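A.B. asks: Model the following, please.
(one chain, ligands or ions: 2)
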Amino acid sequence: MTTTRSSSNRPQGPRSRSTVYGYPRQGPGRQLKKLTEAYWAGRLDADAFLAQTRELRRARWIELRDAGIDEIPSNDFSYYDHVLDTAVMLGALPRRHAPALADAGQSPAARLDRYFALARGNDDAAPLEMTKWFTTNYHYLVPELRPDMEFRLDPTKPLSEFREARELGLTTRPVILGPVSFLLLSKREPGVPGDFQPLSLLGKIICPYLELIRRLFDAGAEWVQFDEPCLVADQPAQVLDAVATAYATLCAEEFRPRLLVATYFDRLGDALPVLADSPVDGIAMDITGPARANIDDLAAIGGIPTKRLVAGVVDGRNVWRTDLAAALSTLGTLLGLAGQVDVSASCSLLHVPLSIEFERQLDPQIAGWLAFARQKLEEIVILTRGLNDGWEAVAGDLQVSAARRATRLASPIVQVDAVRRRAAEAAGLPRTRRSPYAERRIVQRRQLGLPALPTTTIGSFPQTPALRAARAKLRAGELDAAGYEALIEAEIAAVIAEQEAAGLDVLVHGEPERNDMVQYFAEQLDGFLTTAEGWVQSYGTRYVRPPIVVGDVARRGPMTVRWATYAAGRTQKPVKGMLTGPVTMLAWSFVRDDLPRAEVARQVALALRDEVLDLEAAGLRVIQIDEPALRESLPLRNADRAEYLSWAVDAFRLVTSGVRDETQIHTHMCYAEFGDILQALIDMDADVISLEAARSDMAIVTDLARAGYPNDIGPGVWDVHSPRIPTVQEIVDRIHLALKECPADRLWINPDCGLKTRGYAEVRPALANMVAAARAVRAEL
Ligand code: GLN
Ligand code: ZN
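C.D. replies: Ligands and ions are numbered 1, 2, ... in the order given. Below is the predicted model of the structure:
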């Protein structure tokens, strides 16, 4: 097709360019994972690893080039994590890794080992902590800083990637985590006083950044991208001042590439005028979902007429095809608001799977509704062409886009009248239990016959290699359903026996049948799709395949009753039924974009409500609904939080409010920081909440007490993220700490989280110690 500029009402300006901020690192078939694990296992030496990963980077660049992307990024690739890469580039490493650094010298193998030691730890030094990257399911490594930190630039990675791409004739735009976000995402190195603020290092950290842009300029870079995603959360004036100072200093450098500051995941808010007034050459912003507010905010400040705007109009973290006509019209609006408008995805494509082409088992019509990373490149290129050459230049593409959207919205799997009707009626269902907690607890205690300080676990028991092998055989057709189920039953029986031997009070079935706590339910619910190859990086070499909510959600039949009743039949003790809550089901899936999240959550909640009632009818007297993702899904902007918490709590109450007083509802959440959601926890009104607490010295108990949390709590007394077996005394001490803030008749004794990643060698003695500690403290009461 020839590209003639035609009748579009495009102002005469520079042509728009297509770009992205990052592309999946994995390669087809998760090559990067395989290479890295082979290197770790010693099956691949450093030279081979480096050569093959270099090939992988070349292939990615060629893919972007051949897709028609005009401005291609570099340095978005990583062997493990881009925040760790930045820390290494800046020499910002904790002291405990310093000896390894000194030894590492310049040999590639030594450098690699030092890098992986920071990510995974080694015999001498613990790794950096890992935490969630904003509201995604990607985890980054948290840099550790100290007041006297001396930064030293090591530009090897960005420079060599830039040069590698140059060999292909590509002048890439290096992507670097910006100085302000780097500092805000960091924490204090252990031992550093609590009043030290990483942001106080801004003056120092600018030096290596300045040197970096000079070096990139010398190497031929025309643009460099500094990511400042922290600017989409509410930030105090001090942070906004830091942004102004940092970018004024960086832009004052005479010999530098042009600077693009990239933001994503939400709107810029107060940071927009700061960036607009700064001398940076371009701003990249998210133009999807709530971040569409950026458009009005831009208009309100009179646009950025002297700057380049990179408009993230293609959703970079969801999997639906873009409504191309709508996006093109948005881009048309933006043309009037900036000196130049370029087209991109809203964030790095790291957060979506590689390509829908690999989903061969998928109904082609449904596949046509989905856009993974590769398909998003196509969309970006089409939109850029439309912007440059007018709508008619892309008329065919717009037609296909509209037709796909229309079939999707009209499809009977997307819109199910019965589900809609039921969800509408659910608006009238009561959301409160029959009696208040104070009354429920009396009947529950009586009928469960529990001692003071009852002991329990969070749900999963070790997933043994034999279980994983059995699942693989089942998939491969080497094991039939009956054979598989017999294995699961045997496992449940063994897990029950373990718990009886340990002397626990409320038992679990151990979750051996679950590949994953979300996928297991997604596979059994209408409205969810699962993929074969839809891998997304979670951290390092760990990838997950998030299910996709494609249509209205309904339960086909009981999902957990068979295993729960089997377990309950093997013991006299109460067994706790185990479900994944609606917020977590959505947080760890790709959610449809044609219905508000709150609505989807309500549909999932109704399906789970039925499951809860079935479990109750089957005789289960304790039921746990896990919501580990409730905290992490909290919107980045304060203004959006109340609404989120309101539907999240409502969904939980919809799941749980139908049961009798006698039935005890538990919930579980991981992570120790709950400051922002304490009231929501109270509003959920679970009879018992278990939380992670061991690593933070039971601080959560104090937080809950101060907030007036009224119901039972189970602060974790054993840190299951570490292979260490806690001693009886340590656990006794933790229980004593908790008892300072929580009366004994409201306290439960349990680990921090599920045991699926631990082995029996640790689980057995640790549970024995936990029960012994609970008994010892009980005897004191
Ligand atoms: N019940 C789940 C388990 O024990 C909870 C997991 C979680 O909190 N992430 O594995
Ligand atoms: Zn947990």
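A.B. asks: Can you report phi and psi for the residue in the stretch 1-150 of the chain positioned nearest to ligand 2?
C.D. replies: For the stretch 1-150 of the chain, the residue closest to ligand 2 is Lys132, as judged by CB to the ion, at 13.6 Å. Where you see a C-beta, it was placed from the backbone N, CA and C, and this is true even at glycine. The phi/psi pair for Lys132 (degrees, to the nearest 10) reads phi -70, psi 140.
A.B. asks: so the nearest residue to it once chain neighbours are set aside is in which element?
C.D. replies: With sequence-adjacent residues excluded and distances taken as CB to CB, 6 or more residues apart in numbering, Lys132 is closest to Glu632, at 5.4 Å. Under DSSP states H and E, no helix or strand contains Glu632.
A.B. asks: Who is the residue nearest to Leu620 when sequence neighbours are not counted paired with across the strands?
C.D. replies: Leaving aside its chain neighbours, Leu620 sits nearest to Gly577 (4.4 Å; criterion: CB to CB, 6+ apart). On the basis of DSSP bridges, Gly577 is bridged to Ile623.
A.B. asks: and Gly577, what is it in contact with?
C.D. replies: If you count contacts by CB atoms under 8 Å, 6 or more residues apart in numbering, Gly577 has them with 560, 564, 612, 615, 620, 622-624.
A.B. asks: tell me the centre residue of the protein?
C.D. replies: Asn137 (1.4 Å; CA atoms, centre = their mean).
A.B. asks: Please work out how many residues are found near whichever residue of the stretch 551-700 of the chain sits closest to ligand 2.
C.D. replies: Of all residues in the stretch 551-700 of the chain, Cys670 sits closest to ligand 2, at 3.3 Å by CB to the ion. Close neighbours of Cys670, defined as other CB atoms under 10 Å, add up to 21.
A.B. asks: can you map out the strands along the stretch 151-300 of the chain?
C.D. replies: Along the stretch 151-300 of the chain, counting by DSSP state E, counting those that start in this stretch, strands occupy 173-177, 187-188, 223-227, 258-262, 282-286.
A.B. asks: With the stretch 451-600 of the chain instead?
C.D. replies: Using DSSP E, counting those that start in this stretch, strands in the stretch 451-600 of the chain cover 525-529, 536-539, 542-544, 548-555, 576-580.
A.B. asks: which of these sits most buried?
C.D. replies: Across the strands of the stretch 451-600 of the chain, the average number of neighbours (mean count of other CB atoms under 10 Å) peaks for strand 576-580, which reaches a mean of 27.
A.B. asks: give the contact list for the residue lying closest to Leu128 once chain neighbours are set aside.
C.D. replies: Distance criterion CB to CB, 6+ apart; nearest residue to Leu128, sequence neighbours excluded, is Leu141 at 4.1 Å. Contacts of Leu141 were listed using CB under 8 Å, 6+ apart, and they are 80-81, 83-84, 87, 118-119, 127-130.
A.B. asks: can you do 7 Å?
C.D. replies: Taking CB atoms under 7 Å, 6 or more residues apart in numbering as the contact definition, Leu141 lies against 81, 83-84, 118-119, 128, 130.
A.B. asks: from these, which has minimum pLDDT?
C.D. replies: Taken together, these show their lowest pLDDT at Met130, with 90.
A.B. asks: number of nearby residues for Arg43?
C.D. replies: For Arg43, the count of nearby residues is 12 (other CB under 10 Å).
A.B. asks: and it, which of the three is it?
C.D. replies: Using DSSP: H, G, I helix; E, B strand; the rest coil, the structure places Arg43 in coil.
A.B. asks: What of Ala51?
C.D. replies: Ala51 is classified as helix under three-state DSSP.
A.B. asks: tell me the pLDDT at it?
C.D. replies: 97.
A.B. asks: now Phe674
C.D. replies: The predicted local confidence for Phe674 is 78.
A.B. asks: got it, and Ser7?
C.D. replies: So, for Ser7, pLDDT stands at 43.
A.B. asks: Those residues of the stretch 101-250 of the chain touching ligand 1, which are they?
C.D. replies: Applying CB under 6 Å from any ligand atom, one finds that the stretch 101-250 of the chain does not approach ligand 1 at all.
A.B. asks: Helices of the stretch 101-250 of the chain, start to end?
C.D. replies: All helices of the stretch 101-250 of the chain, identified by DSSP state H, counting those that start in this stretch, fall at 108-120, 156-167, 179-185, 202-219, 237-251.
A.B. asks: Need the three-state assignment for Val659.
C.D. replies: Once three-state DSSP is applied, Val659 turns out coil.
A.B. asks: so it touches Glu616, yeah?
C.D. replies: Yes - look at Val659 against Glu616 with CB atoms under 7 Å: they come within range, at 5.3 Å.
A.B. asks: roughly how far apart are Thr384 and Leu260?
C.D. replies: 16 Å (CB to CB, to the nearest Å).
A.B. asks: Identify each buried residue in the helix or strand hosting Glu439, please.
C.D. replies: Following DSSP H and E, one finds Glu439 within helix 437-448. Across helix 437-448, burial judged by 16 or more other CB atoms under 10 Å covers 437, 440-441, 444-445, 448.
A.B. asks: In a markdown table, list the residues you listed along with distance to ligand 2 and pLDDT.
C.D. replies: A markdown table is the format used below for these (distance: CB to the ion, whole Å; pLDDT from 0 to 100):
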| residue | distance to ligand 2 | pLDDT |
| --- | --- | --- |
| Tyr437 | 23 | 97 |
| Arg440 | 24 | 98 |
| Arg441 | 24 | 96 |
| Gln444 | 23 | 97 |
| Arg445 | 25 | 92 |
| Leu448 | 23 | 96 |
